[in-house]
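# coords please:
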Amino acid sequence: MGVAIPTTWVTAITGISPRHAQLLSYIVTPLVILALLPVLQIGLPGNHCLFRACLGVVCPGCGVTRSVVAALHGDFRAAWEFNPCGLLVLMALVGQAVFAGLEWIFERHRTISLKHALFSNFIVMTTLLVVWLIRILVLLTSH
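Got it, this is the predicted structure:
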């Protein structure tokens, strides 16, 4: 998915090469996000979506966090109901960490390219928008 802390921070903190800093960043960032999601869910009552509060309709990302947390707990049906894109986001985060980890382990001299990260982001964003449009159409036709 291309989510990572700046490699310059990793290089400055660890002193490793920029290539290894990029890989470490691509491994650690999604794992930290996945670890923090359940913690962020605690103590957040009510609706926190500014888009929904202002416009009265769900935004493309509404339910993604709850979807990922439900999937991490093995409740894939609830994950799908919260937002089907949550499963795609989870796969993208896990995939990023796994592929960067494999690249680190096997010392391939090919870094994760911006082109691949942008393509992954494009897939996730396009799917979010398509699911959102379907949700809006269902909402409009049900009233």
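# end-to-end on stretch 79-86?
Stretch 79-86 has an end-to-end distance of 7 Å (criterion: CA to CA, to the nearest Å).
# report the buried residues of that stretch.
By neighbour count on 16 or more other CB atoms under 10 Å, the buried set for stretch 79-86 is 79-80, 82-86. Heads up, the C-betas are built off the backbone N, CA and C, glycines and all.
# how far off centre is that stretch?
13 Å (CA atoms, centre = their mean, to the nearest Å).
# ok, now stretch 8-27?
21 Å.
# what mean pLDDT would you report for that stretch?
Per-region confidence: stretch 8-27 scores 78 on mean pLDDT.
# can you check stretch 73-80 too?
On average, stretch 73-80 scores 93.
# can I get the buried residues of stretch 79-86 in JSON lines including secondary structure and distance to residue 22?
As requested, these are exported to JSON lines (DSSP: H, G, I helix; E, B strand; the rest coil; distance: CB to CB, whole Å):
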{"residue": "79", "secondary structure": "helix", "distance to residue 22": "30"}
{"residue": "80", "secondary structure": "helix", "distance to residue 22": "33"}
{"residue": "82", "secondary structure": "helix", "distance to residue 22": "32"}
{"residue": "83", "secondary structure": "coil", "distance to residue 22": "30"}
{"residue": "84", "secondary structure": "coil", "distance to residue 22": "31"}
{"residue": "85", "secondary structure": "helix", "distance to residue 22": "26"}
{"residue": "86", "secondary structure": "helix", "distance to residue 22": "27"}
